[in-house]
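# what's the 3D shape of this:
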Amino acid sequence: MLDESNNWGRWGAADERGALNLLTPETVLAAAGSIREGRVLGLSLPIRGATSSPAPTTVPHLRGRPLPQHFMSVDGGDYAAGTRAIGAGLKMADDALVVTPHGTTTHMDALCHMWSGEELYNGHPAGRVRSYGAGRCGIDKAGPVVARGVFFDVPRIRGVERLEAADRIEPADLEACALDVRPGDAAVVRTGWPLAWRDGPDAYWAGQPGLSADAGRWLAERDVCLVASDNAAIGGLNARQLADEGLADDLHMILLWRHGIHLAEMLWLEELAESGRTDFLFVAAPLRIEGGTASPITPLAVL
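Alright, predicted model coming up:
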């Protein structure tokens, strides 16, 4: 499968950051030129979690994935052991949060998230991915992302509120957005699929629209550093929440594995769509989870 275009070896045999290497100081400075209003939009879904409430079911997520769990204690509970030492009359609340990023919240995939055979991106040994963390290509190797964002609002181009579950975004859709895509850009693709949650979980779980394999290749050819979308897998999903494409056409294989292009999934892009902006400064910083396959993020669009 590596007969196809790929970035293995492009930034050296030891590289674990992939296309994020395109974010040179010069590229970042140029991206800052996209700021024209000074307005900042958050592009993440909320994290709602509890041990005994329906809160998590009010946020889009993939069926069957462990939902976020949020525990709080006030004034001396399990997570506030030091409360009594902080002084008379003072109160304190502490939090504990358990999140499995994939499929449950806005997150960024690491290059160790998916692979084929015995090698991760760039030929690193897949045997280094263990239950205690990935020895190569973990999310901690990514670092912060500060790039020019280019916004592909595909529902607007097609004249619909949101795409349907069976829809796949083709290169012609991306070309119709008429954007000047530059090396090091972060491609942000809207499907509108989170709006399906308003019709209930079953509507959201009926499948998902997403990029076709050829659209993924189209973006990779333009040297983007990251692909982000408001769906759960960048590519489309069927009603079993699986990809229908074979291994050669799987979007994670094309982007993550072959080209080292990080993926950000489950964004909230409705306010960005309302802004009418197609370029902006995109900012996202994954947590430095050593050996992690992903991290929750709060992407920002600085308009």
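# residue 297 touches residue 285, doesn't it?
Yes - counting by Cβ atoms under 8 Å, residue 297 touches residue 285, with 6.8 Å between them. Heads up, the C-betas are built off the backbone N, CA and C, glycines and all.
# which one of those two has more residues nearby?
Neighbour count, other Cβ atoms under 10 Å: between residue 297 and residue 285, residue 297 has more, with 26 against 16.
# pretty sure residue 228 sits in a helix.
No - assigned with DSSP: H, G, I helix; E, B strand; the rest coil, residue 228 falls outside any helix and is strand.
# quick check: it touching residue 267?
Yes - checked against Cβ under 8 Å, the pair residue 228 and residue 267 is within contact range at 5.6 Å.
# common neighbours of those two, please.
43, 188, 299 (Cβ atoms under 8 Å, 6 or more residues apart in numbering).
# count of neighbours near the first one?
This means residue 43. When neighbours are counted by other Cβ under 10 Å, residue 43 registers 24.
# contact partners for the residue lying closest to it once chain neighbours are set aside?
Spatial nearest neighbour of residue 43, chain neighbours left out: residue 299 (4.1 Å); criterion: Cβ to Cβ, 6 or more residues apart in numbering. Each residue near residue 299 by Cβ under 8 Å, 6+ apart is listed here: 42, 43, 44, 106, 228, 264, 267, 282, 283, 284.
# of the residues you listed, keep whichever come out buried.
43, 44, 106, 228, 264, 267, 282, 283, 284 (16 or more other Cβ atoms under 10 Å).
# now render the residues you listed as CSV, adding secondary structure, distance to residue 249 and pLDDT.
Output for those, formatted as CSV (DSSP: H, G, I helix; E, B strand; the rest coil; distance: Cβ to Cβ, whole Å; pLDDT from 0 to 100):
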residue, secondary structure, distance to residue 249, pLDDT
43, coil, 27, 98
44, strand, 29, 98
106, coil, 26, 98
228, strand, 20, 98
264, strand, 21, 98
267, strand, 23, 98
282, strand, 27, 98
283, strand, 31, 98
284, strand, 27, 98
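# nearest to residue 155, of the residues you listed?
residue 267 (14.2 Å; Cβ to Cβ).
# list the contacts for that closest one?
43, 44, 45, 106, 188, 228, 229, 230, 299.
# got the CA positions of stretch 196-209 in PDB?
Extracted C-alpha coordinates of stretch 196-209, given in PDB (Å, rounded to 0.1, in the frame of the first residue of the first chain):
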ATOM      1  CA  ALA A 196     -28.700  15.200  13.400                       C
ATOM      2  CA  TRP A 197     -28.600  14.700  17.200                       C
ATOM      3  CA  ARG A 198     -31.600  17.000  17.400                       C
ATOM      4  CA  ASP A 199     -33.600  14.200  15.900                       C
ATOM      5  CA  GLY A 200     -32.400  11.800  18.600                       C
ATOM      6  CA  PRO A 201     -29.500   9.400  19.000                       C
ATOM      7  CA  ASP A 202     -30.900   6.800  16.600                       C
ATOM      8  CA  ALA A 203     -30.800   9.500  13.800                       C
ATOM      9  CA  TYR A 204     -27.200  10.300  14.600                       C
ATOM     10  CA  TRP A 205     -26.300   6.600  14.800                       C
ATOM     11  CA  ALA A 206     -27.800   5.800  11.400                       C
ATOM     12  CA  GLY A 207     -24.400   6.300   9.800                       C
ATOM     13  CA  GLN A 208     -22.300   9.500   9.100                       C
ATOM     14  CA  PRO A 209     -21.300  11.500   6.100                       C
END
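# now it: buried residues?
Of the residues in stretch 196-209, 196, 197, 204, 205, 206, 207, 208, 209 count as buried by neighbour count, 16+ other Cβ under 10 Å.
# for this protein, give me the ranges with low pLDDT.
1-3, 50-56, 74-89 (pLDDT under 70).
# where is the longest strand in the chain?
Longest strand in the chain, counting residues (DSSP state E): strand 145-153.
# tell me the buried residues in whichever helix or strand comes after that strand?
With elements assigned by DSSP states H and E, the helix or strand that comes after strand 145-153 is helix 154-158. In terms of neighbour count (16+ other Cβ under 10 Å), helix 154-158 has its buried residues at 154, 155, 156, 157.
# could those go into CSV alongside distance to residue 134?
Formatted as CSV, those follow (distance: Cβ to Cβ, whole Å):
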residue, distance to residue 134
154, 33
155, 36
156, 38
157, 38
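# out of those, who's nearest residue 91?
When these are ranked by distance to residue 91 (Cβ to Cβ), residue 155 comes first, at 46.9 Å.
# right, and the closest one touches residue 161 too?
Yes - between residue 155 and residue 161 there is a contact under Cβ under 8 Å: 6.3 Å.
# what's the overlap in contacts for those two?
Residues touching both residue 155 and residue 161 by Cβ under 8 Å, 6+ apart: residue 192.
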